[in-house]
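Undergrad: What shape does this take:
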Amino acid sequence: MSDHLTVVDHPLVQHKLTLMRDKGTSTAGFRQLLREITQLLAYEITREMPLTTRTIQTPMEEMEAPILAGKKMALVSILRAGNGMLDGVLELVPSARVGFVGLYRDEETLKPVQYYFKAPEGLKDRLVIAVDPMLATGNSSAAAIDLLKDAGATDIRFLCLLAAPEGVARMKEAHPDVPIVTASLDRELNEKGYIMPGLGDAGDRMFGTK
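TA: Numbering: from 1, shown residues only. As a prediction, the model looks like this:
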């Protein structure tokens, strides 16, 4: 993947995103839609996974058939909202290894503070996909990618539902080698760091918290 930012404009992605933005959508509906839309986005972000071949026997004859090459993919959730995207990707790639990065945003400084990090071993040999529904200021995302690179990851992609121009610029500056795949590049951040028009706080809407 060469482009730094890919906006997936598939009609099903856009339709489901509109339902997710609607403040009348229930918590259960929001979670279900997030799983479905993540699957569609994951289809795009895994497009260039390396293939090799294996000899198999079909009911008709023997053949050399394509199969995924290399170590299992690593899927890394940026807590807590990233967890809502895990199932969608794991349904497509059930063999993926899963890691977690815990960061929270200091409300005063808006800077990320790390409280948890657990990643699969052998990251340098794996495709690593970091997931977080919202790319807002980009500070937490950039910090999460820093941690993954420190742990040895070299082939990293970032999957999010919504991105703000500020977050995309911050990620491009910090990690120009990490492609971003999203369903929408929204207009801007407001003064509190929320994406506009956005969909509110993805974690709160997913887990029913305020």
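Undergrad: any weak-confidence spans in the chain?
TA: Scanning the chain with the threshold set as pLDDT under 70 gives 1-2, 210.
Undergrad: what's the longest strand in it?
TA: strand 97-105 (DSSP state E).
Undergrad: Could you list every helix and strand in contact with that one?
TA: Under the contact criterion of 3 or more CB pairs under 8 Å, 6 or more residues apart in numbering; DSSP states H and E, strand 97-105 touches strand 74-79, strand 112-118, helix 139-150. C-beta coordinates here come from the backbone N, C-alpha and C atoms, glycine included.
Undergrad: do you know which of the ones you listed lies nearest Arg35?
TA: strand 74-79 (13.3 Å; CB to CB).
Undergrad: Which helix runs longest in this structure?
TA: Criterion DSSP state H: the longest helix present in the chain is helix 27-45.
Undergrad: What angle do strand 74-79 and that one make with each other?
TA: Put simply, helix 27-45 runs at 140 degrees to strand 74-79, going by axes from the mean of the first three to the mean of the last three CA atoms, to 10 degrees.
Undergrad: Next secondary structure element downstream of helix 27-45?
TA: strand 51-57 (DSSP states H and E).
Undergrad: check contacts around Pro133.
TA: Neighbouring residues of Pro133 by CB atoms under 8 Å, 6 or more residues apart in numbering: 34, 81-82, 84-85, 160-162, 202, 206.
Undergrad: ok so, going back, each with direction, which strands does the longest strand of the chain pair with?
TA: strand 74-79 (parallel), strand 112-118 (antiparallel) (DSSP bridges).
Undergrad: Please identify the deepest-packed of those strands.
TA: Greatest average neighbour count among those goes to strand 74-79 (a mean of 24), per mean count of other CB atoms under 10 Å.
Undergrad: Provide the contact partners of that one at residue level.
TA: 82-83, 85-86, 89-90, 93, 96-103, 116, 119-120, 123, 126-132, 140-141, 144, 148, 153.
Undergrad: how about 7 Å then?
TA: Residues outside strand 74-79 that contact it (CB atoms under 7 Å, 6 or more residues apart in numbering) are 83, 86, 89-90, 96-103, 116, 119-120, 123, 126, 128-132, 140-141, 144, 148.
Undergrad: re earlier: so can I have a markdown table of the helices and strands packed on strand 97-105 showing distance to Asn190?
TA: A markdown table is the format used below for these (distance: least, CB to CB, whole Å):
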| stretch | distance to Asn190 |
| --- | --- |
| strand 74-79 | 21 |
| strand 112-118 | 19 |
| helix 139-150 | 16 |
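Undergrad: isn't Thr52 right up against Glu64?
TA: No. Judged on CB atoms under 7 Å, Thr52 makes no contact with Glu64 at a distance of 9.8 Å.
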